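K.L.:
here's my sequence, what's the structure:
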Amino acid sequence: MKKTNYLFILVSIIALTFTACQKEGPIGPEGAPGLDGVVDVYSYYYTIFESDWDTFGDPGIGFGYIGSMDFPEITEDVLNYGAVLVYLYQSGSLYSLPMTFVEPTTEGEYLTSIWLMLNLGEVWVTFQDSDGLTVNPGDMEFKVVIIDGYLNIPSSLNLKSYDEVKNYFNLK
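P.N.:
Okay, the predicted model is just below:
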């Protein structure tokens, strides 16, 4: 009986070794890999074009623009246990989202807010001005980093800094 159990275990180990699937994605830095030794970290540039923005609300009252980006890598596991980091790419720099900034005008100032909504397989980006007169944001480029849910992200890693994220996960 013991001999049969050992033989079964040995055959199972050999079978799993030759049939195991490896996740796609770069191997993370030492101490960072997921359960299988490979970290699923995806990094993409994505452009939402001027014609792809949809409006919501009424001008002067909660008016804004919303655009979507499709990413099949955003699974339930990523939504529940992982991370999706989105950066706005402008003038050669990456800015962590969500964000709010002041827009000066000749009549004063107003705030522009950019925020995100994550769903299974997609990211929605919303632009809205505090004066209720939001203009179409035009072609906007984003850097999106998707990290699977099996990775312990160290609290010392500044996720708002794309350079730190890039260096930690060896992204290109």
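K.L.:
and V165, what element?
P.N.:
In the assignment (DSSP states H and E), V165 maps to helix 162-169.
K.L.:
now that helix: buried residues?
P.N.:
The neighbour-count check on helix 162-169 (16 or more other Cβ atoms under 10 Å) flags Y162, V165, Y168, F169 as buried. Where C-beta positions appear, they are placed from N, C-alpha and C, glycine not excepted.
K.L.:
nearest to T75 among those residues?
P.N.:
Lowest distance from T75 to the buried residues of helix 162-169 (Cβ to Cβ) belongs to F169, with 17.9 Å.
K.L.:
the helices in the chain, which residues?
P.N.:
Along the chain, counting by DSSP state H, helices occupy 2-19, 76-81, 162-169.
K.L.:
ok so, going back, need the buried residues of helix 162-169 in a markdown table with pLDDT and distance to M99, can you?
P.N.:
Listed next are the buried residues of helix 162-169 as a markdown table, based on pLDDT from 0 to 100; distance: Cβ to Cβ, whole Å:
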| residue | pLDDT | distance to M99 |
| --- | --- | --- |
| Y162 | 95 | 13 |
| V165 | 93 | 16 |
| Y168 | 91 | 22 |
| F169 | 88 | 22 |
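K.L.:
redo these as CSV? Include distance to G121.
P.N.:
Shown next, in CSV, are the buried residues of helix 162-169 (distance: Cβ to Cβ, whole Å):
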residue, distance to G121
Y162, 23
V165, 22
Y168, 25
F169, 21
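K.L.:
closest to I153 out of the residues you listed?
P.N.:
Nearest to I153 among the buried residues of helix 162-169: Y168, at 8.5 Å, using Cβ to Cβ.
K.L.:
does that closest one touch L159 like I think?
P.N.:
No - here Y168 does not reach L159: they are 9.6 Å apart, not a contact under Cβ atoms under 8 Å.
K.L.:
roughly how far does E103 sit from V135?
P.N.:
The gap separating E103 from V135 is 10 Å, by Cβ to Cβ, to the nearest Å.
K.L.:
anything in contact with each of those two?
P.N.:
D129 (Cβ atoms under 8 Å, 6 or more residues apart in numbering).
K.L.:
hmm, back to that, the helix holding V165 packs against which elements?
P.N.:
Applying 3 or more Cβ pairs under 8 Å, 6 or more residues apart in numbering; DSSP states H and E, we find helix 162-169 packed against strand 41-48, strand 83-90, strand 140-147.
K.L.:
can you list those in TSV and add mean neighbour count, mean pLDDT and distance to D77?
P.N.:
Shown next, in TSV, are these (neighbours: other Cβ atoms under 10 Å; pLDDT from 0 to 100; distance: least, Cβ to Cβ, whole Å):
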stretch	mean neighbour count	mean pLDDT	distance to D77
strand 41-48	17	94	13
strand 83-90	18	95	11
strand 140-147	21	96	11
